[in-house]
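# Structure of the sequence below:
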Amino acid sequence: MSGWFYTKAGFVNDKIIGPVDKNEIARLISIRKLRKNAIVSHPVETNNEWVRLSDSPLFEIYQRFHKELTQKAAKKKQEKTQQRRKKQQEIVVAKQEKKEAKQKQRARELSSQNKRRATTPSNDKRTNSPGYTSSKPMAPQAKKDYPYLSQYLRIAVILVDVTHGISFVALFASLIYYTYNLIQAAYSGSINAEGALLSSVVIIIGGVLSFYAILWSRIISLAFLEFVGVIINIESNTRK
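All right, here's what the predicted structure looks like:
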């Protein structure tokens, strides 16, 4: 009976599967049950000799499937890159719109102040008269008390973002590292099933707790900086 045979690793000995037709072999390759190191045989194609799939005519099917996977991965990566660029553009546009809205709001406020000054000439005359001193401190004086504090707050926000970003990256890298070592230990037999399960639970719990700890630290830091900014604004408005 003509058809392909392949070996499947068993508990004691390898099991011979077949005969199967070429379409079934292609399906097994597509679901990665047969890789290029698999041992196959065919009465005609290999003269009943057992050879690696990479040394048989089936390798063409494997190469075609591998090429399709590579093309799909490249296409998916390109789509992700385009989505990321689109999102970045949207963020830039949103920031620009927000900046323009603030500028328009500031222009309206300045216009309103100018109108109020124009409607109160008596106050201007009294202010410009000799011997008049205002009981309220000037706004520039308020700014001189903390000229760089707003810049320090912006720097602090950037440091919080960078620090917690690095913490998240380090956490995920650690989880990947410990998970990889656990899998290697399980395959090599240096750890039993109970030990592997316990280690998996410890890695999961530790990862979740560390993630929430970093997230909580970020929330507290940003909330504190926001609170400081509110206090500065209140104090500045009080001086004015």
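
# Return the distance of Val208 relative to Lys80.
Between Val208 and Lys80 the distance is 26 Å, computed by CB to CB, to the nearest Å. For glycine as for every other residue, the C-beta is placed from the backbone atoms N, C-alpha and C.

# How about Val157?
For Val157, the distance to Lys80 (CB to CB) stands at 28 Å.

# Helices along the protein, start to end?
With DSSP state H, the ranges of helices along the chain come out as 22-30, 59-118, 121-128, 139-145, 149-188, 193-239.

# What helices and strands are in contact with the last one?
Right, helix 193-239. Counting contacts by 3 or more CB pairs under 8 Å, 6 or more residues apart in numbering; DSSP states H and E, helix 193-239 packs against helix 139-145, helix 149-188.

# Okay, domains of this protein per the record?
For the chain, automatic domain parsing gives the domain ranges 4-67, 138-240.

# what bits of this protein have low per-residue confidence?
The model of the chain has pLDDT under 70 over residues 1-2, 10-12, 120-147, 239-240.

# Count the residues that sit near Tyr62.
20 (other CB atoms under 10 Å).

# In contact with it, which residues are there?
Residues near Tyr62 by CB atoms under 8 Å, 6 or more residues apart in numbering: Ile29, Leu34, Arg35, Lys36, Leu53, Ser54.

# Just give the closest residue to the third one, not the sequence neighbours.
Right, the one you point to is Arg35. Leu53 (7.1 Å; CB to CB, 6 or more residues apart in numbering).

# buried stuff in stretch 173-183?
Leu175, Tyr178, Leu182 (16 or more other CB atoms under 10 Å).

# I figured the last one hits Leu198, correct?
No: in this structure Leu182 lies outside contact range of Leu198 using CB atoms under 8 Å: 10.3 Å.

# distance of the closest residue to Gly207 other than its chain neighbours from Ile232?
Distances taken as CB to CB, 6+ apart put Leu175 closest to Gly207, at 4.9 Å, once the chain neighbours are dropped. As judged by CB to CB, Leu175 and Ile232 stand 40 Å apart.

# next one: stretch 179-186 to chain centre, how far?
25 Å (CA atoms, centre = their mean, to the nearest Å).

# Outside of it itself, list whatever touches it.
So stretch 179-186 is in contact with Ile191, Ala196, Ser199, Ser200, Ile203, going by CB under 8 Å, 6+ apart.

# Distance check, Glu194 against Gln184.
Applying CB to CB, the value for Glu194 to Gln184 is 18 Å.

# what about those two, which has more around it?
Gln184 (11 against 8).

# Let me see the residues that make contact with stretch 24-34.
Stretch 24-34 has contacts (CB under 8 Å, 6+ apart) with Trp4, Tyr6, Val20, Arg35, Val40, Leu53, Leu58, Ile61, Tyr62, Phe65.
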